[in-house]
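Colleague: Requesting a structural model of the entry that follows:
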Amino acid sequence: MSKQEAHCFYKLLVEMIEKLEFLVTQSNKVVFYDFSKIKNGIYTIVTATIDNFTITTDSNTSADLFLNKFKHYIKLIFFLFYFSFLSFLLF
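Modeller: Prediction:
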């Protein structure tokens, strides 16, 4: 993956993560967190590299919730990309 591709992937990742209401740490731009429910003991931390994610949560339920929301955005983006590509080929 080229530097430009990696940068584009990172921008897309940040956009998706922010839609899930996660924040990006100031010290490391590939660590995302959601502590909005920390008073109830609920938290999710996601670290990302080009092809790997590490998800740390308070429970399997929180991890599953994050993954289901994240998969929704991935499918939507793939669909939009695929549709744009087909439109480009057809017109």
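
Colleague: what are the ranges of the strands in the chain?
Modeller: 23-24, 31-34, 44-48, 53-57 (DSSP state E).

Colleague: In a markdown table, list those along with mean pLDDT, distance to residue 16 and mean neighbour count.
Modeller: In this view, the C-beta of every residue, glycine as well, is placed from N, C-alpha and C. As requested, these are exported to a markdown table (pLDDT from 0 to 100; distance: least, Cβ to Cβ, whole Å; neighbours: other Cβ atoms under 10 Å):
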| stretch | mean pLDDT | distance to residue 16 | mean neighbour count |
| --- | --- | --- | --- |
| strand 23-24 | 90 | 12 | 14 |
| strand 31-34 | 92 | 10 | 19 |
| strand 44-48 | 90 | 10 | 18 |
| strand 53-57 | 88 | 12 | 14 |
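
Colleague: Out of those, flag the one nearest residue 5.
Modeller: Taking Cβ to Cβ, strand 44-48 is the member of these nearest to residue 5, at 14.8 Å.

Colleague: List the neighbouring strands of that closest one plus their orientation.
Modeller: If you go by DSSP bridges, strand 44-48 pairs up with strand 31-34 (antiparallel), strand 53-57 (antiparallel).

Colleague: which residues are in contact with that strand?
Modeller: Strand 44-48 is contacted by residues 13, 17, 22, 30-34, 53-58, 62-63, 66 when judged by Cβ atoms under 8 Å, 6 or more residues apart in numbering.
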